[in-house]
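Trainee: what follows is a predicted structure for the sequence shown.
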Amino acid sequence: MHIGIIGTGYVGLVTGACFAEFGVYVTCVDRDEKKVKSLKKCKIPFFEPGLEELVKRNIDRGRLQFSTKIKDAIDSSLVIFIAVGTPPRGDGSADLSYVKEVCTEIAKHMDSYKIIVTKSTVPVGTGKKIKEWIKEAQSGNVDFDVASNPEFLREGSAIEDFMRPDRVVIGAESSQAIAILKDLYRPLYLIETPFVITDIETAELIKYASNSFLATKISFINEIANLCDAVGADVHVVAKAMGLDRRIGPKFLHPGPGFGGSCFPKDTKALLHVAKAHGVELSVVEAAVKTNERQRDIMISRIKGVLGDLKGKKIGVLGLSFKPNTNDTREAPALYIIAALLDAGAVVQAYDPVAVEDTRKLLPDVKYKNDAYETAKAAEALVLVTEWNEFRNLDLEKIKKAMKEPNFFDLRNVYDPEKMTKIGFNYYCVGRNKRTI
Ligand SMILES: NC(=O)c1ccc[n+]([C@@H]2O[C@H](COP(=O)([O-])OP(=O)(O)OC[C@H]3O[C@@H](n4cnc5c(N)ncnc54)[C@H](O)[C@@H]3O)[C@@H](O)[C@H]2O)c1
């Protein structure tokens, strides 16, 4: 089978490379010429473990190719995935202009039956719109089906998530489209991946409901962490005991500076927008968003509370990406925290194993360093924001020696409070502070 993928970002490239690995012939298209040029040379434009090898292997075997022209992905393909961005507009709604643009192009070049599948996260009702947009832009009357196949992969473990997902969701109106998509996903069917086959609207909503629920879980534990700090309880023990209840589960109960990334912040807001448009109140999701924004502010106030006036004070920041194993800094808590510290007059020095170049463009006033120890040098505080593995086993004596004042803000609870205090740090974490703040 041949398939086309329009939009070769995180989702499009991982999807394309993984389907090629399954033996499917894939053409990935992106309008970004620079990106396509480097992909043809097997240069991956972002950091994702294992992806370069996968892309290279499938280019070499002739199953994966790249182009800037949508036509190239349509001519020989039966299935065309749309994987372009759906960024938030000012009012929180999802911007569907890239999706619409792609639909118009597909319609122009389509000369035989195709299934147009949205992998992009799109609001409920987009499937219907796609059908209309394609019909409007078609010159002839070529038959096609529209389907929704939301993607649940996580950056940093994207290949594993695609190859061994918890479920595959397919929403479509026609049984032909469902049969073809099931056939495409046969390798996953064979390893007993659960398939949810439903209508397009339900499939579209599943993605938003899932992300909003996970975001809510994070905000919930962050609020409990703040209460733990106030009453002298340990949030790790609370979360562990909660997670042992199988109705709750242990995942997404890690307190921190709030969620970021390219999905949760935008998808929660887009869901709220859709609900409002339909006159439905989603007060739980609304609270999760509000709590998340407040959590970042609490972290900033905590640093200011300890250091006092930040003017001229040197602060080291460890970790810039929104989570480990990615260079994605979209909505990263570190960026908000650094911007607030700079605003208050602090001198910020920072390090991240892979996200420095991306951050430099957004925050040029930060002094970027080569490792954690350089970042700690002469600092009056060190703030660990992203829990990269290399920050989990730091030489803490060396860190303390390098610092001017031993104020350690561990926003991911990587270290043991007792051990840190013993070493001589003024140690501040999230929900395990036992009345030290
Ligand atoms: N990143 C994730 O972890 C993730 C996970 C699940 C779902 N999603 C969803 O998948 C979608 C894509 O996300 P992403 O992170 O891959 O975005 P991305 O920004 O990394 O990639 C989008 C790509 O689409 C290209 N593009 C835009 N308009 C185009 C056009 N008209 N023709 C061809 N290419 C075009 C852009 O150049 C870009 O390379 C979004 O809706 C997102 O919400 C993302």
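Mentor: Looks like it arrived, so ask away. Since this is a predicted model, take the numbers as computed values, not measurements.

Trainee: so who does Ile197 touch?
Mentor: By C-beta atoms under 8 Å, 6 or more residues apart in numbering, the residues touching Ile197 are Ile170, Gly171, Ala172, Ile178, Lys182. Using the backbone N, CA and C atoms, a C-beta is placed for each residue, glycine as well.

Trainee: which PyMOL command selects the buried ones in the residues you listed?
Mentor: Applying 16 or more other C-beta atoms under 10 Å to the contacts of Ile197, the buried members can be selected in PyMOL as follows:
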select buried, resi 170+171+172+178
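
Trainee: of all the contacts of Ile197, which two lie farthest apart?
Mentor: Distance extremes for those: the farthest pair is Gly171 and Lys182 at 12.7 Å, using C-beta to C-beta.

Trainee: which residues of the stretch 301-437 of the chain fall in helices?
Mentor: 333-343, 356-362, 372-376, 396-402, 417-423 (DSSP state H, counting those that start in this stretch).

Trainee: run through who's touching the longest one.
Mentor: In other words, helix 333-343. Contact with helix 333-343 is made by 256-260, 296, 299-300, 303, 310, 315, 317, 319-322, 329, 348, 350, 352, 359, 362-363, 365-366, 383, 385-386, 411, as judged by C-beta under 8 Å, 6+ apart.

Trainee: and whatever residue of the chain ends up closest to the ligand, how far from Arg432?
Mentor: Proximity of the chain to the ligand (C-beta to the nearest ligand atom) peaks at Gly9, 1.7 Å away. Computed as C-beta to C-beta, to the nearest Å, the Gly9 to Arg432 distance reads 37 Å.

Trainee: next: Thr375.
Mentor: Applying C-beta to C-beta, the value for Thr375 to Arg432 is 23 Å.

Trainee: quick one, strands of the protein?
Mentor: Using DSSP state E, the strands of the chain run over 2-6, 25-29, 64-67, 79-82, 114-118, 144-148, 168-172, 195-198, 314-318, 347-351, 367-368, 381-384, 407-410, 426-428.

Trainee: burial count for the residue lying closest to Arg154 once chain neighbours are set aside?
Mentor: Closest residue in space to Arg154, ignoring its immediate chain neighbours: Asp161 at 5.5 Å, by C-beta to C-beta, 6 or more residues apart in numbering. Asp161 is flanked by 17 other residues according to other C-beta atoms under 10 Å.

Trainee: ok, Asp161 touching Leu153?
Mentor: Yes. Counting by C-beta atoms under 8 Å, Leu153 is a contact partner of Asp161 at 4.0 Å.

Trainee: residues from the stretch 201-350 of the chain in reach of the ligand?
Mentor: The stretch 201-350 of the chain has residues Ser262, Cys263 near the ligand, with proximity defined as C-beta under 6 Å from any ligand atom.

Trainee: and with 5 Å instead?
Mentor: By the rule C-beta under 5 Å from any ligand atom, the part of the stretch 201-350 of the chain lying against the ligand is Ser262.

Trainee: Lys290: neighbour count?
Mentor: Residues lying near Lys290 (other C-beta under 10 Å) number 11.

Trainee: how about Glu48?
Mentor: When neighbours are defined as other C-beta under 10 Å, Glu48 has 24 of them.

Trainee: not counting its neighbours along the chain, what's nearest it?
Mentor: Distances taken as C-beta to C-beta, 6+ apart place Ala158 nearest to Glu48, at 5.4 Å, with adjacent residues excluded.

Trainee: who are the contact partners of the one you found?
Mentor: Counting by C-beta under 8 Å, 6+ apart, Ala158 touches Tyr10, Val14, Glu48, Leu51.

Trainee: if you rank those by neighbours, which is first?
Mentor: Busiest of the contacts of Ala158 [other C-beta under 10 Å] is Val14, holding 27 neighbours.

Trainee: and that one, what's its pLDDT?
Mentor: pLDDT, Val14: 98.

Trainee: would you confirm that it contacts Glu48?
Mentor: Yes. Using C-beta under 8 Å as the test, Val14 is close enough to Glu48 to be in contact (6.9 Å).

Trainee: can you check which residues contact both of those two?
Mentor: The contact sets of Val14 and Glu48 overlap at Ala158, Ile159 (C-beta under 8 Å, 6+ apart).

Trainee: perfect, that will be all.
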